[in-house]
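# okay, predicted coordinates and the sequence, questions at the end:
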Amino acid sequence: FFSSVFSFSVFCFGFLRGPSASPFWMDGFKNKLVSVITQDGRVIVGKLVGFDHTTNIILSDSHERVYSAQIGVESVSLGLYIVRGDNVAVVGELDPELEEESDLSLVRAAPINPVVY
C-alpha cells in the first residue's frame, strides 16, 4: 500500500542525527502534502508549512492515520500540529491525486511498531 501512495521523495532520519545534520533538503516538500512517521509509530499526514535545523516539523490541516488490522484506517483530525525533530523517523511526500482516490477504510494493516534502540 505505501508504495502506491508515497512518491519517490521519501527520506529516513536514522542516520541524520548530530550537530552537522541539516534538514534543509525539506525545502522541496514545503507547502506540499507529506506523511510523517514518528519514532513511536504514529503516521501523521498534513501540509508541511515549516521546519527548523533540528527537524521540528510544522504541519497544517493535519490528521493522524490510526491503522488497524480489524477495522481499517481511522483518521483523527489534528489541525495545526508540531512534531518534535527527535521524534521524526520518516518524511515522505504524498501524491494528492492518489490520496483523493484512496479509500483508506478498506485498508487493513497492523499499526507500526515503535523504534527500539
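Looks like it arrived, so ask away.

# OK, contacts around the residue nearest the centre of the chain?
Nearest to the mean C-alpha position of the chain, by Cα atoms, centre = their mean, lies Val36 at 1.4 Å. Residues in contact with Val36 (Cβ atoms under 8 Å, 6 or more residues apart in numbering) are Val43, Ile44, Val45, Gly46, Ile57, Leu59, Val83, Val88, Val90, Val91. To be clear about C-beta, it is placed using only N, CA and C from the backbone, and glycine gets the same treatment.

# does the last one count as helix, strand or coil?
In the three-state summary, Val91 is assigned as strand, counting by DSSP: H, G, I helix; E, B strand; the rest coil.

# show me the beta-bridge partners of it.
Using DSSP bridges, the beta-bridge partners of Val91 come out as Phe11, Val36.

# can you tell me how far it is from Phe51?
Applying Cβ to Cβ, to the nearest Å, the value for Val91 to Phe51 is 9 Å.

# now do the shared contacts for these two.
Met26, Ile57.

# by neighbour count, which of the contacts of Val36 wins?
Ile57 (27 neighbours; other Cβ atoms under 10 Å).

# cheers, nothing more for now.
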